[in-house]
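# below are the sequence and a predicted model; questions follow.
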6 protein chains.
Amino acid sequence: MTIMEMFELGTARRSRGRTVTEADIVLHAGQSGDFYPHHMDAEFAKTLPGGQRIAHGTLILSIAVGLLAGEVDENAVSYGYDRVRFVKPVHIGDTITSRSAITATRPYPKRPDEFGIVEETVEVRNQRGEIVLAFVHCYLVSTHSKERQQ
Amino acid sequence: MTIMEMFELGTARRSRGRTVTEADIVLHAGQSGDFYPHHMDAEFAKTLPGGQRIAHGTLILSIAVGLLAGEVDENAVSYGYDRVRFVKPVHIGDTITSRSAITATRPYPKRPDEFGIVEETVEVRNQRGEIVLAFVHCYLVSTHSKERQQ
Amino acid sequence: MTIMEMFELGTARRSRGRTVTEADIVLHAGQSGDFYPHHMDAEFAKTLPGGQRIAHGTLILSIAVGLLAGEVDENAVSYGYDRVRFVKPVHIGDTITSRSAITATRPYPKRPDEFGIVEETVEVRNQRGEIVLAFVHCYLVSTHSKERQQ
Amino acid sequence: MTIMEMFELGTARRSRGRTVTEADIVLHAGQSGDFYPHHMDAEFAKTLPGGQRIAHGTLILSIAVGLLAGEVDENAVSYGYDRVRFVKPVHIGDTITSRSAITATRPYPKRPDEFGIVEETVEVRNQRGEIVLAFVHCYLVSTHSKERQQ
Amino acid sequence: MTIMEMFELGTARRSRGRTVTEADIVLHAGQSGDFYPHHMDAEFAKTLPGGQRIAHGTLILSIAVGLLAGEVDENAVSYGYDRVRFVKPVHIGDTITSRSAITATRPYPKRPDEFGIVEETVEVRNQRGEIVLAFVHCYLVSTHSKERQQ
Amino acid sequence: MTIMEMFELGTARRSRGRTVTEADIVLHAGQSGDFYPHHMDAEFAKTLPGGQRIAHGTLILSIAVGLLAGEVDENAVSYGYDRVRFVKPVHIGDTITSRSAITATRPYPKRPDEFGIVEETVEVRNQRGEIVLAFVHCYLVSTHSKERQQ
């Protein structure tokens, strides 16, 4: 079976929503080690456009990927991301949702008989419907599918 | 001043090391909501190449970005990432280090008089010197530098 | 000594109060893996009766048990819970308190000479005095008490 | 539609596995406030049967419930638990899996035309197939099903 | 009543034990923002005396104070610490215990009729009985004791 | 080289700001095991001067030390603290900043040829410029400086 046969272009998914909290930002600073005042200093943040602390880009990306994690084919492994763009800041209390569609499939150049690359384009929107983050999630997929009992 | 004058191509940085722990994976599953058995089920992980749980890609990216966070020009905001590639798995107990170099600068197309794009290419290596992650971190930089008192 | 001699029926305890925070809910979602929108999506929660996110039942039970943890006889091990009932939702900012009383003691059927079962009925109330959770905590108690130096 | 028509007796589910880590115990002590030496003191734990620290019962219950959280009908709300029994201790590094089956359905006595009670019996096993926890999860289900777009 | 009458010199306390885990160090780095390689880089730590990562001083102090927190008179507020000395490093897996004694009481100079200072000298030992931390915890105590119902 | 030559008296540092959040207090209670109602019970806290929950002293000390952690000479190890004084309560939402100056240097009595003691006096202020915490951080410094490549 070819990668084109396994994944149909245009197949779309939409995640649940998730509210980004102050606790998420505090935990992400602790995990990433990034304590920039944009994220962690409410006084400094008053001087920014928007006047509030901004969630880390890597936090929003991590949540956005996780929101779609439950439903992916387990034969696919995460290969990388392309064109990750932080379009608008996410503030404390914003609720984000991920939507995606399969936008490209192609053989994996190094081992085209065994693996394919699937590109899933993801848009992350806030509760006002504004895109805050967009990226392409690249999966490496075995074309020798193995059934895995859950 | 132009963006080319502000950032010299080739300027390199090297971060401290950081050991990726089981606690980091547990916290990242909790933050991202991604509880895939590759990350969270040691029994399942015995069936993977390597035979161990694998750190989330977004965890390694978050740490890698954070390791370099202390030293960036505060006039630069994170704009996005390009060509993020998870080259090798990171296991519990691996110690990673980020190295980077400025690899491109160019005017920001939409407002070329005010902003420039700076591309910093980042390589993340484990304790054996193997590259585990590579990506390009894109910054948007104001060319009207503002001194900001810390 | 029999179990009836060790635990007097009616012996009552009252815990300190503890405010349930947004951070508690975020951490509990991360620990349990339950990211239901009732707990984690403030926009969705506007459509619920009460109009707010609701703490996980297992979070409230965990805190309620913990609030009484400091004072139990160390010879007793937690054996289980009966009739756990989530009577009212707990919202962010509610402060809960556990009260309990010993309501039953009986020999442990499998080894009646060595162990007894003690039932402690627990009521958890919010700051308005409303019961939010009720349950019976069952302990298995050795009737050969061992002094344990702390 | 009656509750009997909505839920078929015997319908079974099986969760992914999840390894219980030292970090989970540390986080659960912090969340519950239960720092009993059985959970938090490795030296004391050498004197216990098994010779190791034991995960909190409320931690195992929280994970066990969460492991099944992704798949439940959203019209059902968690109503309580019955006959929660901690059958065997769970140690650091054990991997647990939840299996369940619908074992009873009945009208909700207070408002039998609108709600039903569904009992899902859950067994939690470790990587050796031993039952470590068993309980009945009671849901309150609206018999006026509302479609909810995800 | 004077402060001397309220607190008897020599009154001693001994806490439970608590094992310091890798998760504690990871969480404390995240809370304090101190990601020094002594705490967070297992490869670097091989070059230290002891050859292992070392717990943050503020982590050990925080745990040591917390281990005694359950039992203090609620009329006393923490006023400060004197002569905090990190005598020996604490490594992952070490189990620490706090012991203390009241070593001084005196009127509070600014308002001697209302408040007194109580000094509690604390020694923290590891599982080998070695002192790892010593300090004096100073409390400010109201001499107009208020009964507070718990 | 003597310790006096290495550290110039009066050398001052000023940290970034950091907002103390409810999540920080919840995490610190979990880490320290100190769930005193002053920190964790918003209802009780209404009876305190200020009417709000108060951050743990050890939390503020941990953050204050961490805020200065990035910039210290790596040849210096933390030796202890003197005269730690919690001058004013820190509430949820307060933003703190650490300022310090080298106020004393002296040979280390036990091995004066090899080590010196450096005292750095630290003041922690909130967003209104009020001192909330003051202490002296004592470092033990090798006078045989070793260059360490980062």
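Yep, it's here.

# residues from chain A in reach of chain E?
Within chain A, the positions near chain E by Cβ under 8 Å from any Cβ of the partner chain are A:27, A:29-31, A:33, A:35. Every residue, glycine included, has its C-beta placed from N, CA and C.

# can you list those in JSON lines and add distance to chain F?
What follows is the residues of chain A next to chain E, written out as JSON lines (distance: Cβ to the nearest Cβ, whole Å):
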{"residue": "A:27", "distance to chain F": "7"}
{"residue": "A:29", "distance to chain F": "9"}
{"residue": "A:30", "distance to chain F": "8"}
{"residue": "A:31", "distance to chain F": "12"}
{"residue": "A:33", "distance to chain F": "10"}
{"residue": "A:35", "distance to chain F": "7"}
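
# of those, grab the buried ones for ChimeraX.
Only the buried entries of the residues of chain A next to chain E go into this ChimeraX selection, using 16 or more other Cβ atoms under 10 Å in any protein chain shown:
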select /A:27,29,30,31,33,35
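
# let me know the closest of the residues of chain A next to chain E to chain C.
Distance to chain C across the residues of chain A next to chain E (Cβ to the nearest Cβ) is lowest for residue A:27, with 7.4 Å.

# so the closest one touches residue E:27, yeah?
No: judged on Cβ atoms under 8 Å, residue A:27 makes no contact with residue E:27 at a distance of 9.5 Å.

# report the central residue of chain A.
Central residue of chain A (Cα atoms, centre = their mean): residue A:65, 3.3 Å from the mean position.

# that one and residue B:31 touch, don't they?
No: using Cβ under 8 Å, residue A:65 makes no contact with residue B:31, being 11.0 Å away.

# circling back to that earlier point, any idea which element the residue nearest to the centre of chain A lies in?
According to DSSP states H and E, residue A:65 maps onto helix A:57-67.

# report the rounded mean pLDDT for whatever helix or strand comes next after that helix.
Next along the chain after helix A:57-67, taking DSSP H and E as the criterion, comes strand A:76-86. What strand A:76-86 shows for mean pLDDT is 94.

# for residue A:99, give the beta-bridge partners.
Counting by DSSP bridges, residue A:99 is bridged to residue A:14, residue A:123.

# and it, how many neighbours?
For residue A:99, the count of nearby residues is 17 (other Cβ atoms under 10 Å in any protein chain shown).

# residue in chain A with the shortest distance to chain E?
Going by Cβ to the nearest Cβ, chain E is nearest to residue A:30 of chain A, at 2.1 Å.

# and the residue nearest to that residue when sequence neighbours are not counted, which of the three is it?
Nearest residue to residue A:30, sequence neighbours excluded (Cβ to Cβ, 6 or more residues apart in numbering or on different chains): residue E:30, at 2.1 Å. When classified by DSSP: H, G, I helix; E, B strand; the rest coil, residue E:30 comes out as helix.

# residues near the closest residue in space to residue A:70 that isn't next to it in sequence, how many?
Nearest residue to residue A:70, sequence neighbours excluded (Cβ to Cβ, 6+ apart): residue D:70, at 5.9 Å. By other Cβ under 10 Å, the residues close to residue D:70 number 16.

# how much space separates residue D:70 from residue D:11?
16 Å (Cβ to Cβ, to the nearest Å).

# now residue A:85
44 Å.

# just residue A:136 next, same as before
Distance of residue A:136 to residue D:11, computed by Cβ to Cβ: 38 Å.

# repeat for residue A:19
In terms of Cβ to Cβ, residue A:19 sits 32 Å off from residue D:11.

# same question, residue A:34
Counting by Cβ to Cβ, the gap from residue A:34 to residue D:11 is 46 Å.

# for those two, indicate the residue with more neighbours.
Ranked by neighbour count (other Cβ under 10 Å), residue A:34 and residue D:11 place residue A:34 first, with 26 against 12.

# got phi/psi on that one?
Dihedral angles of residue A:34 (phi, psi; degrees, to the nearest 10) stand at phi -100, psi 100.

# model confidence for it, exactly?
Listed pLDDT for residue A:34 reads 95.

# who's residue A:140 bridged to?
Here residue A:140, judged by DSSP bridges, has bridge partners residue A:77, residue A:117.

# so what's the residue count around it?
19.

# cool, and residue A:136?
17.

# now do residue A:109
Other residues near residue A:109 number 8, with proximity taken as other Cβ under 10 Å.

# what's the answer for the one 5 residues further on, then?
Residue A:114 sits with 13 neighbouring residues when counted by other Cβ under 10 Å.

# cool, and residue A:51?
Neighbours around residue A:51, by other Cβ under 10 Å: 10.

# so it makes contact with residue A:45?
Yes: in this structure, residue A:51 is within contact of residue A:45 by Cβ under 8 Å, at 6.7 Å.

# for stretch A:39-46, C-alpha coordinates in CSV please.
Extracted in CSV, the C-alpha atoms of stretch A:39-46 (Å, rounded to 0.1, in the frame of the first residue of the first chain):
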residue,chain,number,x,y,z
HIS,A,39,5.9,35.5,30.3
MET,A,40,6.6,35.9,34.0
ASP,A,41,6.5,39.6,35.0
ALA,A,42,3.0,41.1,35.1
GLU,A,43,4.4,44.6,35.7
PHE,A,44,6.8,44.5,32.7
ALA,A,45,4.0,43.0,30.6
LYS,A,46,1.9,46.2,31.2
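
# what comes up buried for it?
Within stretch A:39-46, the residues that count as buried by 16+ other Cβ under 10 Å are A:39-45.

# report whether that stretch contacts chain F.
Yes: counting by Cβ under 8 Å from any Cβ, chain F has neighbours in stretch A:39-46: A:40-44.

# what's the local residue count around residue A:97?
With other Cβ under 10 Å as criterion, residue A:97 counts 20.

# quick check: it touching residue A:63?
No: counting by Cβ under 8 Å, residue A:97 stays clear of residue A:63, with 10.3 Å between them.
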